[in-house]
Each structure stands twice: as structure tokens, then as C-alpha cells.
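J.: generate a structure from the sequence data that follows.
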Amino acid sequence: MDQEALYRALVAGRKRGAGLDVFEREPVPPDHPLVRRTNVVALPHIGSATAATRTAMARLAAENLAAALEGKRPPALVGG
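T.: Coordinates of the predicted model:
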């Protein structure tokens, strides 16, 4: 997402509102103009806060660790 483009669209009325869970740079400062708008809801990375998702995340982390310890390619290698 281009935060500045979103901000301009909100100010100009081309977008009515936004709900954001991730930002270009984090942590986003509390005085950032985008999160100070009344038509923006900013959440602290809770989009994945379900038991099923967190369990899947933990399982994948364990699979990555086990593969790496066994000298194998981790299933969810980032940047590889």
C-alpha cells in the first residue's frame, strides 16, 4: 500500500475510509497524519489473531526450524 496515496485519497474524498493492520514502516508514529484521521482505523497486527491462524503460524515455524536443523530447505524460507 502506498500510504501517501491513500492519505491523499482520503483527504480528497476519493476513499471514504480505511482499516489498516500493516504499514510501510513500523511502528507507525501515533502522530502520523494517516492514523490521526477519523476515517481510518489502525490495528496493531491483530488481523491474524485467531486460534487457527496462530496455531498454523506456530506449526510452520516449528517445521522451518526442524528442516533447518536437519540441513534441509525450510518450507517457508523468506528471501531464499
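
J.: how about the helices in the protein?
T.: For the chain, helices defined by DSSP state H occupy the ranges 3-12, 51-69.

J.: okay, buried residues for the shortest one please.
T.: Going by neighbour count (16 or more other CB atoms under 10 Å), the buried part of helix 3-12 is 3, 6-7, 10. Heads up, the C-betas are built off the backbone N, CA and C, glycines and all.

J.: just the residues you listed: which has the poorest pLDDT?
T.: In terms of pLDDT, residue 3 ranks lowest among the buried residues of helix 3-12, with 91.

J.: ok, that one - contacts?
T.: Residue 3 makes contact with 23-24, 34, according to CB atoms under 8 Å, 6 or more residues apart in numbering.

J.: neighbour count added to those, as TSV?
T.: TSV is the format used below for the contacts of residue 3 (neighbours: other CB atoms under 10 Å):
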residue	neighbour count
23	16
24	10
34	18
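
J.: residue ranges of each domain in this structure, please.
T.: For the chain, automatic domain parsing gives the domain ranges 1-43, 47-74.

J.: residue 28 versus the residue nearest the centre of the chain, what's the distance?
T.: Centroid check for the chain by CA atoms, centre = their mean gives residue 22 as the closest residue, at 3.4 Å. According to CB to CB, to the nearest Å, residue 22 stands 9 Å off from residue 28.

J.: same question, residue 67
T.: On the measure of CB to CB, residue 67 and residue 28 end up 34 Å apart.

J.: and for residue 76?
T.: Distance of residue 76 to residue 28, computed by CB to CB: 26 Å.

J.: go on, residue 11?
T.: Distance of residue 11 to residue 28, given as CB to CB: 17 Å.

J.: neighbours of residue 70, just the number please.
T.: 8 (other CB atoms under 10 Å).

J.: for the contacts of residue 3, give me TSV that also has pLDDT and distance to residue 45.
T.: As requested, these are exported to TSV (pLDDT from 0 to 100; distance: CB to CB, whole Å):
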residue	pLDDT	distance to residue 45
23	88	10
24	87	14
34	92	16
